[in-house]
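Novice: Next input, structure requested:
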Amino acid sequence: MSTDRSLWVIGDIHGMLDPLVVLLNTIRSIEYMRERQVTLVFLGDYIDHGPCSREVVDALLDLRREFGVVFLAGNHEDMLMQFMEPDPGFEDYGKAWFTGNGGQATVCSFMNSRGVLSRLWMRSGSSPVFTAAELRLDREYIEFLHALVYTHTEDLQVGDQLLHLAFSHASLYRRSDCRLQPNSDDPEISVAEQLAVKTRRDFQNLLRRHPMWLDNYHIWNREIPREKFGDLLLLHGHTPTSIVGTLHPGRLPGFDPNSNLPLVIFPEGRAVPTQLSEGEVRYGANLRDAISFNIDTGGVYGHALTAVNFSSSRLREDGRVGVIQVHPGWTHREFAACSRFHLQFTGV
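Specialist: Predicted coordinates for the structure are as follows:
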């Protein structure tokens, strides 16, 4: 086996099976017969809103036979677990999954019975009563949910350099970044403490140690980080790139929210170019200068499902990060809905 590594990072899926199948088949075609170690890291939010949550999870479980895989928990999986197994004080959090965050579509997908469909399907104008006791999931799905990790790290050897990558569903929390929900009483939580959170129990313990607004934690955080998290490059999703400008008006003058491109954040004051030309988006900086990549490009909203690829050999050769996007709103005749391009950096 070659020492070359290929690391794929996939954004929010939200029950959209068809784009996922196209994306995974494209990855399979790229990796076919290549002698390198392949790992796929999924950033969470596999369920809710879209119609095929169960089928999406089935496809992910099947991947374990082909590639190394890492499945992170998103806020939607965490809400589902709170709905099923509420912790004291979090009952309303669990109920919010079902009544306002797409949980009804997920129940319909996993249970797939006429009785459930007649009560819940496309009932957005009402809040039908449905209890956790009625939600019956097969053991393999419960085990999948319990096995989700809340953060992940990878070191990628690129020539004589080591690229330190961190993964969470949303951006890591830092009190000085908080502009959406600023509160002088909010705690400081170190990056190391957040990255030590692996299990749901770890996450619940973190909430108890550092109580604050739920949206600040690293499965909910929609802030834009202003500086790097040490020597880490953060990969996350959660906030569709199409609404970043609405949440943070004036913060990213170089970013076009209608571009469907991943959002690459640099330290405060740096431009964020988004012009795709001849298959490339060029950045006048090294990859290690970037703070974070947000790759939730809003597939469930009809924009794009995105995967980025960190190949140790390609980064060593020319500083490029590969991107695959599947556009649910585009025609799927002859795979026209799938596009491939690169993010070009001056170096690692």
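Novice: where does Leu156 fall, phi/psi-wise?
Specialist: phi -110, psi 120 (degrees, to the nearest 10).
Novice: how close does it get to Ile224?
Specialist: 24 Å (CB to CB, to the nearest Å). All C-beta spots, glycine's among them, are computed from the backbone N, C-alpha and C.
Novice: go on, Thr306?
Specialist: 18 Å.
Novice: More neighbours: which of the two?
Specialist: A count of neighbours by other CB atoms under 10 Å puts Thr306 above the other of Thr306 and Ile224, at 28 against 22.
Novice: Does that one touch Thr297 like I think?
Specialist: Yes. Under the criterion of CB atoms under 8 Å, Thr306 makes contact with Thr297 at 4.5 Å.
Novice: Give the residues shared as contacts by these two.
Specialist: In terms of CB atoms under 8 Å, 6 or more residues apart in numbering, Thr306 and Thr297 are both contacted by the residues Gly11, Pro262, Gln325.
Novice: ok, of the residues you listed, which one's closest to Tyr217?
Specialist: Comparing these against Tyr217 with CB to CB picks out Gly11 as the nearest, at 19.1 Å.
Novice: Please report how far the closest one lies from Leu20.
Specialist: From Gly11 to Leu20 the distance is 11 Å (CB to CB).
Novice: what residue of this protein is the furthest out?
Specialist: Going by CA atoms, centre = their mean, the residue of the chain most distant from its centre is Gly115, 32.6 Å out.
Novice: what's the pLDDT at it?
Specialist: At Gly115, the pLDDT value in this model is 76.
Novice: Remind me what the host helix or strand of it packs against, helices and strands.
Specialist: For Gly115, the host element (DSSP states H and E) is helix 114-120. Under the contact criterion of 3 or more CB pairs under 8 Å, 6 or more residues apart in numbering; DSSP states H and E, helix 114-120 touches helix 103-111.
Novice: Mind giving me the packing neighbours of the helix it packs on?
Specialist: Secondary elements touching helix 103-111 (3+ CB pairs under 8 Å, 6+ apart): helix 53-63, helix 75-84, helix 91-100, helix 114-120.
Novice: now those as JSON lines including distance to Arg314?
Specialist: Below are the helices and strands packed on helix 103-111 laid out as JSON lines (distance: least, CB to CB, whole Å):
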{"stretch": "helix 53-63", "distance to Arg314": "22"}
{"stretch": "helix 75-84", "distance to Arg314": "32"}
{"stretch": "helix 91-100", "distance to Arg314": "40"}
{"stretch": "helix 114-120", "distance to Arg314": "46"}
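Novice: how many other residues sit next to His218?
Specialist: 25.
Novice: my guess is it contacts Arg174, does it?
Specialist: No. His218 is beyond contact range of Arg174, at 10.0 Å (criterion: CB under 8 Å).
Novice: Pick out whichever of Gly11 and Leu20 has more residues nearby.
Specialist: Gly11 (30 against 25).
Novice: how about the more buried one, what does it touch?
Specialist: Leu43, Gly237, Ile295, Asp296, Thr297, Gly299, Leu305, Thr306, Ala307.
Novice: Pull the number of nearby residues for the third one.
Specialist: Here the number of neighbours of Ile295 (other CB under 10 Å) works out to 26.
Novice: Can you give me the distance of it to Phe167?
Specialist: 11 Å.
Novice: Need the residues touching each of those two.
Specialist: In contact with both Ile295 and Phe167: Val9, Leu43, Leu235, His236, using CB under 8 Å, 6+ apart.
Novice: ok now the lowest-mean-pLDDT helix or strand in the chain, how far from the chain's centre?
Specialist: Ranked by mean pLDDT, DSSP states H and E, the weakest helix or strand in the chain is helix 114-120, scoring a mean of 77. How far helix 114-120 lies from its chain's middle: 30 Å, per CA atoms, centre = their mean, to the nearest Å.
Novice: Show me the shaky parts of the stretch 51-200 of the chain.
Specialist: Applying pLDDT under 70 to the stretch 51-200 of the chain flags residues 122-128.
Novice: try it again with 80
Specialist: 89-91, 99-100, 112, 115-129, 182 (pLDDT under 80).
Novice: so what's Ile10 up against?
Specialist: Contacts of Ile10 (CB under 8 Å, 6+ apart): Leu23, Leu40, Val41, Phe42, Leu43, Ile295, Leu305, Thr306, Ala307.
Novice: Distance of it relative to Arg174?
Specialist: 25 Å.
Novice: swap in Asp155?
Specialist: Applying CB to CB to Asp155 and Arg174 gives a distance of 22 Å.
Novice: Can you pick out the residue with more neighbours from the two?
Specialist: Arg174 (19 against 9).
Novice: Excluding sequence neighbours, find me the nearest residue to that one.
Specialist: Pro225 (6.6 Å; CB to CB, 6 or more residues apart in numbering).
Novice: ok, now Leu72?
Specialist: Using CB to CB, 6+ apart, the closest residue to Leu72 is Gly44 (4.5 Å).
Novice: what about the one you found, neighbour count?
Specialist: Neighbours of Gly44 (other CB under 10 Å): 29.
Novice: next one: Pro328
Specialist: Neighbour count of Pro328, defined by other CB under 10 Å: 19.
Novice: Doesn't it belong to a helix?
Specialist: No. Pro328 is assigned coil when assessed by DSSP: H, G, I helix; E, B strand; the rest coil, not a helix.
Novice: Next one, pLDDT for it please.
Specialist: We have a pLDDT of 91 for Pro328.
Novice: Kindly report the same for the one 3 residues further on.
Specialist: We note a pLDDT of 82 for Thr331 in this prediction.
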